[in-house]
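>>> structure, please.
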Amino acid sequence: MRPQIKEVSDTGLLVTHYKNDNIYPLLPLLSQEFPNWTIDKIKNYVKLVISKNHDVADILVAQNEASYYVGLVVYTYQSISSKLLGNTIKDQFVKGIVVENLIASSPILQKQVFFIIIESVIKIAKKNNCEFVELPKFDETYELIKQKYQKQISDINGFRVFIKLD
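Predicted coordinates:
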């Protein structure tokens, strides 16, 4: 079951599930992420994600006080070998959330928006008994996440980063 998220952070950003298949409010963010895609292709992608069971894939959006979308994340639930998380004792598959797309509208606020959205993803992961959150390769935009979760982070081959959850 999909836990309801409606969270206002200290920054005044509201993070919620995106339930509407109308992509036009998200188009500035999505066209930034997919600059070579047509509007129809972007629309089909969003419909595909939204149409999935929410235990398979979902979209979270961050809105400011003026209801402008300043960030979004598309994520999926997946299972991986526990060896990728450093478990050398027992090899089994563990459930987690994989961040597929993470977008912020402003380079100036990108670190804060990414942090707030990933915090919401981590809360969802914990509520669903996930053992990890997988993020794209770290760069300076993940600085706040790296600071908070540094003891739980493992970097696999420099391509993807795992945050091990307690």
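
>>> quick one: the strands in the protein?
Under the criterion DSSP state E, the chain contains strands at 6-8, 14-17, 57-63, 69-81, 93-104, 132-136, 153-156, 160-164.

>>> average pLDDT for the first one?
Model confidence over strand 6-8, given as mean pLDDT, is 51.

>>> the longest one now?
Within the predicted structure, the mean pLDDT of strand 69-81 is 90.

>>> strand partners of it, parallel vs antiparallel please.
Next to strand 69-81 in the sheet, as set by DSSP bridges, lie strand 57-63 (antiparallel), strand 93-104 (antiparallel).

>>> only C-alpha atoms, please: export it in PDB.
Only the C-alpha atoms of strand 69-81 are listed here, as PDB (Å, rounded to 0.1, in the frame of the first residue of the first chain):
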ATOM      1  CA  TYR A  69       6.800  22.600  -8.900                       C
ATOM      2  CA  VAL A  70      10.500  23.000  -8.000                       C
ATOM      3  CA  GLY A  71      11.500  19.400  -8.000                       C
ATOM      4  CA  LEU A  72      10.500  15.800  -8.700                       C
ATOM      5  CA  VAL A  73      11.700  12.300  -8.300                       C
ATOM      6  CA  VAL A  74      10.600   9.200 -10.200                       C
ATOM      7  CA  TYR A  75      11.400   6.000  -8.300                       C
ATOM      8  CA  THR A  76      10.900   2.300  -8.600                       C
ATOM      9  CA  TYR A  77      10.900  -0.600  -6.100                       C
ATOM     10  CA  GLN A  78      13.500  -3.200  -7.000                       C
ATOM     11  CA  SER A  79      15.400  -6.100  -5.400                       C
ATOM     12  CA  ILE A  80      19.200  -6.600  -5.500                       C
ATOM     13  CA  SER A  81      21.700  -9.000  -4.100                       C
END
